[in-house]
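**Student:** Sequence first, then the predicted structure:
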Amino acid sequence: MSDAGVLPPEGFRTRGPVPSGTRLLLIRHGEAFCNANGIVGGPLGCGGLTELGVRQAEALRDRLASSGELDAANAFYTSTLPRAIETGAIISSSLPSTLIATADCDLCELHPGAADALTWKELVDTFGAPNWDDDPGSPLAPEGESWTGFYERCVAALTKLVVRHESQLVVVVCHGGVIEQALKLVFGRSSEARLRLRTQNCSMTEVEFRDDSWHLLRYNDVAPLARS
């Protein structure tokens, strides 16, 4: 029987077509020391993965190895921050053996500038608390990025991947902020928008670019930790 006899009429249909464009599989890194200890996590403050963060990445690796859902991946990227690089190293064995991770600073979390490695209290005491609801163009700290500047960097980085890997599946280990900017593209939100998402560590978010527009395939897909 043809699809015409199985599928609902086009005007009624709620499910999208089989993905045929460029897919970006965005993985948030595992829990990092900066997350656990309330530290601004730039290159100095990141600290890499905690013991929990390692277990989260291992759970994702084991799921991917079992499911084979990324066996068709064509490219592999991480940000240059230790928590993303370490997560990428752990999950790499569940990806095609021909893929080698490329670290790209444009995929990093918002650049903190002079706030890097400070506690959040120290940041507020030293530089004041930025209010991006009122002024999204203000930097987090001297030499740091603003909310709108972060959006522009992420959009450029994601667009670059789409152009470079047309109609391919690209795995990207990055950050919650980068994923938020990607979803703003999907939902047509402005650079100033604050989605206030709760993107989980080592969760997978998949977006597709086809027909000159962005589409969401999944969000916050987490591999559960094994019971101890």
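**Tutor:** Looks like it came in fine.

**Student:** Contact partners for residue 11?
**Tutor:** With CB atoms under 8 Å, 6 or more residues apart in numbering as the criterion, no residue contacts residue 11. Where C-beta positions appear, they are placed from N, C-alpha and C, glycine not excepted.

**Student:** Equivalent analysis for the one 10 residues further on, please.
**Tutor:** Under the criterion of CB under 8 Å, 6+ apart, the contact list for residue 21 reads 167, 208, 209, 210, 211, 215.

**Student:** For the buried ones among those, write the corresponding PyMOL selection.
**Tutor:** Once 16 or more other CB atoms under 10 Å is used to decide burial, the buried members of the contacts of residue 21 can be selected in PyMOL as follows:
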select buried, resi 208+209+210+215
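
**Student:** quick one: low-confidence ranges for this protein?
**Tutor:** 1-5, 13, 227-228 (pLDDT under 70).

**Student:** Swap in 50 and give it another go.
**Tutor:** Applying pLDDT under 50 to the chain picks out residues 1.

**Student:** where exactly do the strands run in it?
**Tutor:** Along the chain, the segments classed as strands by DSSP state E run 22-28, 75-78, 102-103, 169-174, 204-210, 213-221.

**Student:** excluding its backbone neighbours, what's nearest residue 142?
**Tutor:** Counting by CB to CB, 6 or more residues apart in numbering, residue 114 is the residue found nearest to residue 142 once chain neighbours are left out, at 4.5 Å.

**Student:** ok, that neighbour - contacts?
**Tutor:** Residue 114 touches 127, 141, 142, 143, 144, counting by CB under 8 Å, 6+ apart.

**Student:** Tell me which stretches of the protein form helices.
**Tutor:** 33-37, 51-67, 82-91, 120-127, 147-164, 176-187 (DSSP state H).

**Student:** Could you dump those into CSV and include mean neighbour count?
**Tutor:** Supplementary listing: the helices of the chain in CSV, determined by neighbours: other CB atoms under 10 Å:
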stretch, mean neighbour count
helix 33-37, 17
helix 51-67, 18
helix 82-91, 24
helix 120-127, 14
helix 147-164, 18
helix 176-187, 20
